[in-house]
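S.K.: dropping the sequence and predicted coords here.
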Amino acid sequence: MNTDKLLEFDQIRTKWKSFALTTAAADRIDHMTYYLNESELRKQLQDTTDARNLIECCGIPPLTEAEHVKQILARAVKEGCLTPEQLEETKNLLTAVRRLKDYLSRGRQHENALAWYEQNLDALEPLREEIAVTIRGGEVDDYASKQLQQIRAEMTRIREKIKQKAEQAIRANKSYLADAYCTIRSGHVCIPVKKEYKGKIKGSVIDQSSTGNTLFMEPAAVCSLQETVQMLELEEEQEVSRILYTLTAMAADYEPEITEDIRIMEKLDFIFSKGKLSIDMDAVAANINTDRQIRLKNARHPLMEKEKNVPLQFKIGKEADGIVITGPNTGGKTVAMKTVALNCYLAQCGLHVTCEEADICMNSSFLCDIGDGQNLTENLSTFSAHIKNVLEITQTVGPDSLVMMDELGSGTDPTEGMGIAVAVLKELVSSGCLFVVTTHYPQVKEYAEHTDRIVNARMEFDKHSLQPTYRMIIGEAGESCAFFIAQNLGMPQRMLETAMRAAYGPDAARRSFHWKQRETGSDTKRAKTRTRIKRAKKSAHSAQLSEKFQIGDSVMVLPDKKTGIVCRPVNERGMLQVQLPDQKIWISHKRAKLQVAAAQMYPEGYDFSIVFDTVKNRKIRHEMSRKYTEQVIETEDSGMDAGR
């Protein structure tokens, strides 16, 4: 059984995940289940409380995703050279670590235990500052080293000189140029020269226009300077590589410390996600016990709006191990049961609960049968699904289990379902577990009333307003209130009295029941406007005609005065089928005149197929009487199928 889904913890898990910032914390939430170790559970609950308190005192912690930095560190350790962008990501992580340390340090003044995680974090200031000075905007900064600064300064000076030389060439050869500007082609500074004046300018042709009429030439005065720039670019590339390899080596040396920072940050992200969830649900920390007792004060379902939720008072374990909840449909029985189970589940997962106060015992397992469980793909009916879950529960239940069963014994014959419900209750009592079940069976209520360690509870129903109040009262058996609800929906008093006598015996009318006052005569009135069936009109003589002619009668067909035998009697249209010597025909019954009745010509039970069927059809009928055959009997129709 999928307990997460049955208790709707899967929806809590989805909301919880939305508060996690790191992939590791989200994965841990995905695989989260309840704790079975008391010490670990108490620690987790304390972490949740500390996280909430610290958030309320100091705000949201400055956490960040670190999954990509793990990959960056792996590359650094393998002696790969990190890019400026990767080094900057590493610096950003260390900056987040420094901010987190500052955040946790502020928490010390509130004596919060989580604040001491600050001592386990190392912002690695030497590495962070070195990257910050060296890398800016995803590139190695000019001032990363003195040599790089000199190289780039010289490159700037030479490029400016190249520009000046190009402009001089333009001014000196203006009449030979296609335009008065210089451009970059294939990394060379060029001027546009008309094709016919190629020999007038000293230099090298680098490119040409699409028409071929303009040549882009690098002036000879620029060529030597361009070679100098290319040499400087090689020196720059070498110096940048040296700087990046140096920073990569530093990051690799600090890999253990950075990995530990990431681990602590992911752990804190998981803890703070619990605190954020607690604030979002307006929850509180539950007291944990191992005495098999549960007490909830003003509990509410975590997924329901607080303003619309009716607070639930619940206790079990001290005076009774099991509670049988009864009450009307839509009265809140299932919601009350889920509220109890889900809050217990939250507490055992180290989360806060949506109660004013809560004292909750640890459970070795949460066993639930909630919902109809119908599954068409597995061919399971509602009752079959219930029994399947019930058997699984009774086979695995133990003294430390918490069991929730909705509509126990439903989905089958009421008498047999009641017997199964009592048998299951007896099994649960003998196991020593804590359990909550809902039912409508009065016999189950009686069984609970006379059995030790089981108490009845009812969902309150206001019989004056005929509305449920959604409040649970432990110690009293409830009723389904079906008659009150039916009357409220308009069922007449005469029908209600009939229902009461059928359910409770002939004296049921004397039972205490507060009938609603209705207008005089309204109880016996039926709706005047009804949808009626429009029936087809039948011929007045159809019955007489069907008796007038029988199969086998000898008749005279008028006006031809031919003699024939009746094959089929008169149909609703007044048509009669007659076998003539050479064919079968349909005629109006008015054209047939009885000559000799079949009873006078044939013995009783005579097989008329000998007269009317073909030899082929008779053989097929004989085969059909003996075995299965795919052959088809042929019929002779003459357009009168609708009248047969």
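M.R.: It's in.

S.K.: can you pull the buried residues of stretch 196-216?
M.R.: Residues of stretch 196-216 classed as buried by neighbour count (16 or more other Cβ atoms under 10 Å): Ile201, Gly203, Ile206, Gln208, Thr214, Leu215, Phe216. Where C-beta positions appear, they are placed from N, C-alpha and C, glycine not excepted.

S.K.: inside strands: which ones of those?
M.R.: Using DSSP state E, the members of the buried residues of stretch 196-216 that fall in strands are Gly203, Ile206, Gln208, Thr214, Leu215, Phe216.

S.K.: export the residues you listed as a markdown table, with columns for pLDDT and distance to Glu111.
M.R.: Output for those, formatted as a markdown table (pLDDT from 0 to 100; distance: Cβ to Cβ, whole Å):
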| residue | pLDDT | distance to Glu111 |
| --- | --- | --- |
| Gly203 | 83 | 79 |
| Ile206 | 87 | 74 |
| Gln208 | 86 | 79 |
| Thr214 | 87 | 80 |
| Leu215 | 87 | 81 |
| Phe216 | 88 | 75 |
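
S.K.: CSV for the residues you listed, including distance to His68?
M.R.: Formatted as CSV, those follow (distance: Cβ to Cβ, whole Å):
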residue, distance to His68
Gly203, 49
Ile206, 42
Gln208, 47
Thr214, 49
Leu215, 49
Phe216, 44
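
S.K.: any stretches of the stretch 501-644 of the chain with poor pLDDT?
M.R.: Within the stretch 501-644 of the chain, the stretches with pLDDT under 70 are 504, 507-546, 615, 622, 625-644.

S.K.: that one: strands as residue ranges?
M.R.: Remark: strands assigned in the stretch 501-644 of the chain by DSSP state E, counting those that start in this stretch are 554-557, 562-568, 575-579, 584-588, 592-596.

S.K.: swap in the stretch 1-150 of the chain?
M.R.: Using DSSP E, counting those that start in this stretch, strands in the stretch 1-150 of the chain cover 135-136, 139-140.

S.K.: for Gln395, which of these is the nearest?
M.R.: strand 135-136 (63.2 Å; Cβ to Cβ).

S.K.: what about the stretch 301-450 of the chain, any weak spots by pLDDT?
M.R.: The stretch 301-450 of the chain contains residues with pLDDT under 70 at 328-331, 372-382.

S.K.: where do the helices sit along it?
M.R.: Under the criterion DSSP state H, counting those that start in this stretch, the stretch 301-450 of the chain contains helices at 333-348, 382-396, 414-431, 442-449.

S.K.: let's have these in CSV, adding mean neighbour count and distance to Ile323.
M.R.: Shown next, in CSV, are these (neighbours: other Cβ atoms under 10 Å; distance: least, Cβ to Cβ, whole Å):
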stretch, mean neighbour count, distance to Ile323
helix 333-348, 25, 9
helix 382-396, 17, 16
helix 414-431, 17, 11
helix 442-449, 18, 8
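
S.K.: and of the ones you listed, who's closest to Met404?
M.R.: Using Cβ to Cβ, the nearest of the helices of the stretch 301-450 of the chain to Met404 is helix 333-348, at 4.8 Å.

S.K.: enumerate every residue touching the closest residue to Val284 other than its chain neighbours.
M.R.: Nearest residue to Val284, sequence neighbours excluded (Cβ to Cβ, 6 or more residues apart in numbering): His352, at 5.7 Å. Applying Cβ atoms under 8 Å, 6 or more residues apart in numbering to His352 gives the contacts 45, 48-49, 52, 274, 277-278, 281, 283-286, 346.

S.K.: what's the ChimeraX line that selects buried ones from those?
M.R.: Remark: buried members of the contacts of His352, expressed as a ChimeraX selection using 16+ other Cβ under 10 Å:
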select :45,48,49,52,274,277,278,281,283,285,286,346
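
S.K.: keep only those of the contacts of His352 that are in helices.
M.R.: Within the contacts of His352, membership in helices is found for Leu45, Thr48, Thr49, Arg52, Lys274, Leu277, Ser278, Met281, Leu346, as judged by DSSP state H.

S.K.: how about these, which pair is most distant?
M.R.: Across the ones in helices among the contacts of His352, no pair lies farther apart than Leu45 and Met281, at 14.7 Å, counting by Cβ to Cβ.

S.K.: considering the ones in helices among the contacts of His352, which is situated nearest to Leu63?
M.R.: Leu63 lies nearest to Lys274 out of the ones in helices among the contacts of His352, by Cβ to Cβ, at 13.3 Å.
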